[in-house]
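Asker: I need the structure of the sequence given here:
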Amino acid sequence: MAARKDPRTPAKRRTSRRISIPLSEKGIARTVTDTESDVILHYADDGSLVRIEVISGRRRPRPLPSPENMFMSLKNAAERIGTHPSTVRRAAGSGMLRALPINGQWITTPVWLEEYKKRRRGPGRPRKQPG
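Answerer: As a prediction, this is how the structure comes out:
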C-alpha cells in the first residue's frame with residue numbers, strides 16, 4: 001500500500017535563483033532593475049555595463065551559459081577587436097553584428113563578435129580590382 005502525503009504539510013515554496021554574469025572588474029556605481037523581464041543591470045561610474053543578473057523563478061533554471069556564450073557590452077566588444085565603440089554600435093544597429101538590447105544597453109557574445117569580425121572589411125577605401 002502506497003504512503004499518502006500528509007495534507008497538513010506545507011507545499012514547497014518556489015525559490016528564485018539569480019544567475020550573475022560579470023562583464024567587467026569595475027566597481028558598481030548604479031543598479032537598474034527591470035521587473036518585467038527579471039533582469040538587474042549594474043553600471044560603473046563611466047556608464048559601462050559591469051554585471052547582468054537574471055532572476056529565475058522556474059523550478060529548473062537554464063544552465064549557466066558556457067564561457068564562449070557569455071555576454072559583453074558593445075564597448076567591451078569594441079575594445080576586444082580594436083575599433084571605436086561607435087563603429088560597433090553602428091554595426092549592431094545595422095544588423096551586421098548580432099546584439100540584443102536590454103533596457104537600452106546593447107549586449108553581444110564573443111561568438112557573435114567573431115562572426116562579425118570575419119565578415120567585416122578593414123578600415124579605409126576598398127582597393128580597385130586589377131583589370
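Asker: Can you name the residues that contact I55?
Answerer: By Cβ atoms under 8 Å, 6 or more residues apart in numbering, I55 lies in contact with 16-18, 38-40. Every residue, glycine included, has its C-beta placed from N, CA and C.
Asker: neighbour-wise, which of these leads?
Answerer: In terms of neighbours by other Cβ atoms under 10 Å, those top out with I40 at 18 neighbours.
Asker: Now name the helix or strand holding it.
Answerer: Assessed by DSSP states H and E, I40 sits inside strand 39-43.
Asker: one step back: I'd like the contacts of I55 as CSV, with distance to A99 appended.
Answerer: Output for the contacts of I55, formatted as CSV (distance: Cβ to Cβ, whole Å):
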residue, distance to A99
S16, 27
R17, 26
R18, 23
D38, 20
V39, 16
I40, 20
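Asker: In TSV, list those residues along with pLDDT and distance to V32.
Answerer: Listed next are these as TSV, based on pLDDT from 0 to 100; distance: Cβ to Cβ, whole Å:
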residue	pLDDT	distance to V32
S16	64	18
R17	73	20
R18	78	15
D38	76	13
V39	82	9
I40	85	7
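Asker: distance of the spatially most central residue of the chain from D45?
Answerer: Centroid check for the chain by Cα atoms, centre = their mean gives F71 as the closest residue, at 3.4 Å. Taking Cβ to Cβ, to the nearest Å as the measure, F71 falls 21 Å from D45.
Asker: For L113, grab the count of nearby residues.
Answerer: Quick note: L113 (other Cβ under 10 Å) scores 22 neighbours.
Asker: ok, back up a step: helices and strands around the strand holding I40, which ones?
Answerer: Helices and strands touching strand 39-43, by 3 or more Cβ pairs under 8 Å, 6 or more residues apart in numbering; DSSP states H and E, are strand 30-34, strand 49-56.
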